[in-house]
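Chemist: Got a predicted structure plus its sequence, pasted below:
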Amino acid sequence: MKKNVAIAMGGFSSEYRISINSGNVVYKNLDREKYNPYRVHILQKEWFVIADDDTPYPINRSNFTVTIDNQLITFDCVFNTIHGTPGENGLLQAYLELLNIPQTSCDFYQSALTFNKRDLISVLKPYGIKTAVNYFADQGLDVDPDEVIKKVGLPCFVKANKAGSSFGVSKVKTKEELIPALKFAYKEDDEVIIESFLDGTEVSVGVIMHNGEITALPVTEIVSENEFFDYEAKYLGKSQEITPARISEEQTKKVQEIAKLIYRKLKMKGFSRSEFIFHNDEPHFIEINTNPGLSEASILPQQAQAAGISLPELFGSAIEAATSK
């Protein structure tokens, strides 16, 4: 019997349009012999299923059902493609868990933890995971630029703590640029993380649950035309994404093992994509995405293709893993 799959897309953050793109790719590639896919737009003010003729049908939020042509539709699984809130910070996962509806990404605690860069770094450090030197700032509290620079140096990165797709990120080269960069980051979040600049090769490592095993995908090297891997580099073609990465076999195995270690220690599920910079020949962890982009041009699908995994297989395996509990 076919499974009814709600593909959750949209969200409440600046990453809304990116999520819609990911969700539509999943919708296009799901095997229609196994699944009945429904595009579910989850927005700040309304949740609805959008039909092929663009007719919206409202979701009943009390039980996550929809009525189409007088037929009540319940969902066997939610394919979570929301980047940012509420799909990547634990809110949607907690809601669906209360309703006992399986979903394809990690559980609500892991989602909330990984979305908070500052808390995640604190959790990973005892496992020997190397990171940049960092300084934490909070909106409303004064920051002494000299104190920051003494700790992290220049240049440095100023990042919104709970945001994705490089929204609210600046590369700061001078003391005078620090306060404007903080104000820019505070537009996305009231917490900011300031990190030392790591000079080296940037790579991205996808980890998935495939055939019942935690599997690291081929590593992607990221070469940005801009100062760093910002929004333009990620989504507007201002970067090269080279899979497999031009690093040694030893470096590849090392960074894959660290990415799998993070996946295991955090008790992750579904897809993840961890970012690292090889600084002084050692991989330094930057961040992890638990709902990575899933368009044909996105990094994780590129890595799956390099591993011989098609998009229908990749997406179908996520649904089967979520519903096999």
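Modeler: Cool, got the structure. Numbers count the residues shown, from 1 in each chain.
Chemist: pLDDT score assigned to residue 226?
Modeler: What the model reports as pLDDT for residue 226 is 53.
Chemist: Quickly list what residue 222 is bridged to.
Modeler: Using DSSP bridges, the beta-bridge partners of residue 222 come out as residue 202, residue 241.
Chemist: any idea how far it lies from residue 126?
Modeler: Relative to residue 126, residue 222 is positioned 28 Å away (Cβ to Cβ, to the nearest Å). The C-beta positions use only the backbone N, C-alpha and C, and glycine is treated the same way.
Chemist: Those two: which has the busier surroundings?
Modeler: Relative neighbour count places residue 222 above the other of residue 222 and residue 126, with 20 against 8, counting by other Cβ atoms under 10 Å.
Chemist: give me every residue that touches that one.
Modeler: Under the criterion of Cβ atoms under 8 Å, 6 or more residues apart in numbering, the contact list for residue 222 reads 202, 203, 204, 229, 233, 239, 240, 241, 242, 299.
Chemist: which among those gets closest to residue 136?
Modeler: Distances from these to residue 136 were compared by Cβ to Cβ; the smallest belongs to residue 229, at 22.0 Å.
Chemist: ok, now which ones touch residue 175?
Modeler: Contacts for residue 175 were tallied using Cβ under 8 Å, 6+ apart; they are 145, 146, 149, 154.
Chemist: Just give the number of residues close to residue 89.
Modeler: By the other Cβ under 10 Å criterion, the neighbourhood of residue 89 contains 25 residues.
Chemist: what does residue 156 give?
Modeler: When counting by other Cβ under 10 Å, one arrives at 25 neighbours for residue 156.
Chemist: ditto for residue 279
Modeler: Neighbours of residue 279 under the rule other Cβ under 10 Å: 17.
Chemist: How about residue 28?
Modeler: 12.
Chemist: Which residues does stretch 51-66 contact?
Modeler: Applying Cβ under 8 Å, 6+ apart, the set of residues contacting stretch 51-66 from outside is 6, 38, 40-42, 46-50, 67-68, 72-75, 78, 95-96, 99, 101.
Chemist: now, among the contacts of residue 222, which is nearest to residue 27?
Modeler: When the contacts of residue 222 are compared for distance to residue 27 (Cβ to Cβ), residue 299 wins out at 20.0 Å.
Chemist: Over to that closest one: give its phi and psi.
Modeler: The main-chain torsion angles of residue 299 are listed as degrees, to the nearest 10 and equal phi -70, psi -50.
Chemist: got a list of what it touches?
Modeler: By Cβ under 8 Å, 6+ apart, residue 299 lies in contact with 204, 206, 220, 222, 241, 243, 273, 292, 293.
Chemist: Tell me how many other residues crowd the residue nearest to residue 78 when sequence neighbours are not counted.
Modeler: Once flanking residues are discounted, residue 78 sits nearest to residue 103: 4.1 Å by Cβ to Cβ, 6 or more residues apart in numbering. A total of 26 residues lie near residue 103 under the criterion other Cβ under 10 Å.
Chemist: May I have the residues that are in contact with residue 103?
Modeler: Contacts here follow Cβ under 8 Å, 6+ apart; on that basis residue 103 touches 8, 77, 78, 79, 80, 92, 93, 96, 322.
Chemist: beta partners for residue 275?
Modeler: Per DSSP bridges, the residues bridged to residue 275 are residue 204, residue 287.
Chemist: is it true that it touches residue 286?
Modeler: Yes: applying Cβ atoms under 8 Å, one finds residue 275 in contact with residue 286, separated by 4.1 Å.
Chemist: State the distance from residue 61 to residue 13.
Modeler: Plainly put, residue 61 is 19 Å away from residue 13 if you go by Cβ to Cβ.
Chemist: quick one on the thing from earlier: drop anything exposed from the contacts of stretch 51-66.
Modeler: 6, 38, 40-42, 47-49, 73, 75, 78, 95-96, 101 (16 or more other Cβ atoms under 10 Å).
Chemist: Now the spatially most central residue of the chain: closest residue in space that isn't a chain neighbour?
Modeler: Here the mean C-alpha position of the chain is nearest to the C-alpha of residue 289 (Cα atoms, centre = their mean), at a distance of 2.7 Å. When the adjacent residues along the chain are set aside, residue 289 lies closest to residue 273, with 4.6 Å between them (Cβ to Cβ, 6+ apart).
Chemist: which SSE is that neighbour in?
Modeler: Assigned by DSSP states H and E, residue 273 falls within strand 272-279.
Chemist: hmm, back to that, between residue 61 and residue 13, which has more neighbouring residues?
Modeler: residue 13 (24 against 12).
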